[in-house]
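Engineer: with the sequence up front, the predicted model follows.
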Amino acid sequence: GDSPLARVAAGCILVQALAQYLVNLNVWTHNLMVLVGRATGRGRSATARSASEHCRWRWLLASAFVVTYSWLVSMFLPYFSSLVGIVASSTYLVCAYTLPCWFALKLLRGSMWRSELWLCHLIIPVSLLLSCAGLFSSVSSLIQDIKSG
């Protein structure tokens with residue numbers, strides 16, 4: 001069986017994933033409602049800047065649509081988890097670590113401390129190497145999934 005520590009770690013990962021999904025759900029629902037509002041000429045939704053400016057019932061229906069659509073894609077798109085792994089491994093570390101450090105070096109070099117410069121110069125290659133390793137692993141997993149049918 002799994003150790004209690006592994007279960008706690010898995011539970012924390014689940015909570016983090018659910019929180020990220022809820023944030024994405026909020027963003028996608030808002031964007032969907034604004035686009036539909038603009039296409040249909042509905043006043044409030046077409047110009048809404050936040051979720052609170054939308055009708056609650058329409059928000060609930062749009063959220064249910066986004067959740068259902070997400071579920072359908074994840075269930076019926078072959079090798080969905082491997083495809084998500086490829087997207088995540090090729091973009092997450094680059095967006096979270098590589099680009100901010102690169103931008104800091106380009107824009108703030110004169111005002112950064114020596115330790116910050118050193119850390120940025122260290123983070124860029126490490127994050128790129130980890131991203132490449134994750135991408136290789138995800139592509140290998142996808143190839144294995146395709147071979148096994």
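Structural biologist: Arrived safely.

Engineer: just name the shakiest helix or strand of this protein by mean pLDDT.
Structural biologist: Taking mean pLDDT, DSSP states H and E as the measure, helix 43-47 is the helix or strand of the chain with the lowest mean score, a mean of 79.

Engineer: for that helix, buried residues please.
Structural biologist: In terms of neighbour count (16 or more other Cβ atoms under 10 Å), helix 43-47 has its buried residues at S45. Yep, even glycine has a C-beta here, placed from its N, CA and C like the rest.

Engineer: mind listing residues that contact the helix or strand following that helix?
Structural biologist: Going down the chain from helix 43-47, the next helix or strand is helix 56-76, by DSSP states H and E. By Cβ atoms under 8 Å, 6 or more residues apart in numbering, the surrounding residues in contact with helix 56-76 are L25, W28, T29, L32, M33, V36, S45, A51, H54, F80.

Engineer: any of those residues buried? List them.
Structural biologist: Taking 16+ other Cβ under 10 Å as the criterion, what is buried in the contacts of helix 56-76 is W28, T29, L32, M33, S45, H54.

Engineer: now the third one. Nearest residue, chain neighbours left out?
Structural biologist: Taking Cβ to Cβ, 6 or more residues apart in numbering, and ignoring the residues beside it in sequence, L32 has A62 as its nearest neighbour in space, at 5.4 Å.
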